[in-house]
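Undergrad: sequence and predicted structure below; questions after.
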Amino acid sequence: MRPSGRKLDEMRAVSVETGFTKHAEGSALIKMGDTHVLCTATIEDRVPPFIKGSGLGWVTAEYGMLPRATNTRMRRESAMGKQGGRTVEIQRLIGRALRAGVDRSALGERQITIDCDVLQADGGTRCASITGGWIALKLAVNKLMKAGDVTSDPLIDPVAAISCGIYAGQPVLDLDYPEDSEAGVDGNFIMTSTGRLIEIQMSAEGSTYSREQMNQLMDLAEKGVTELVNIQKEATA
């Protein structure tokens, strides 16, 4: 029924390559099917002015897509002189999603920036960015702890994200682009490993959905996030 031949509750194949770049304090190339995102973490001994002197740390994110990440070439946003609204919305989502799993007091007054660069897009780039971003963040924090710069682990609960939707009348897990472009309902679910919700982005396109269908999508999302958290733990062990 699905274009890929997957079961309704089956994710795309997921792989992670850590230490992908030489200079970043943490890096991971995450592949979810044909969506490939490079996530890097940079540690800086500074924080934004609005929390300076508070003793709290900060985690933020930037997001971008390479010109040929998609089927046709996109102009670089730097060449256009500003970021698009979609880019700004996604990078804010990534930042607040990752901060939900961080004890900012334990992090101390430093900033970790997660850069998410989409090398190839086939649906679910923001979800892959959050999931891979957590891996890069964890690797960077591991370095802080090994160096003795932080005394207790500031990462209190892993964060992952997965898309779910209603395609051809059926609830499905982890939409790829052919499904995403045709889905009657599309949602992104950002959760912690303990099942706590951080954010749900749901919308219907040419259709509506019931409470029962919403519950079905929630169940799929929990299954997907559980699988992704296990992959995160294996990658950062």
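TA: Cool, got the structure.

Undergrad: just the helices in the protein please.
TA: Applying DSSP state H to the chain gives helices spanning 77-80, 85-99, 104-107, 125-146, 177-180, 211-236.

Undergrad: and the second one, what's buried?
TA: In other words, helix 85-99. Using 16 or more other CB atoms under 10 Å as the burial criterion, the residues of helix 85-99 that qualify are 90, 91, 93, 94, 95, 97, 98, 99. To be clear about C-beta, it is placed using only N, CA and C from the backbone, and glycine gets the same treatment.

Undergrad: ditto for the longest one
TA: Under the neighbour-count criterion of 16+ other CB under 10 Å, helix 211-236 has 213-214, 216-218, 220-225, 227-229, 231-232, 235-236 buried.

Undergrad: please apply the same query to the fourth one.
TA: By neighbour count, and taking 16+ other CB under 10 Å as the criterion, the buried residues in helix 125-146 are 125-141, 144.

Undergrad: show me the contacts for residue 70.
TA: The neighbours of residue 70, taking CB atoms under 8 Å, 6 or more residues apart in numbering as the test, are residue 121.

Undergrad: now do the phi/psi pair for it.
TA: Per-residue torsions, residue 70: phi -120, psi 180 (degrees, to the nearest 10).

Undergrad: let me know the pLDDT of it.
TA: pLDDT for residue 70: 93.

Undergrad: then residue 1?
TA: 83.

Undergrad: next one: residue 207
TA: 81.

Undergrad: wait, isn't it in contact with residue 167?
TA: No - between residue 207 and residue 167 there is no contact under CB atoms under 8 Å: 10.6 Å.
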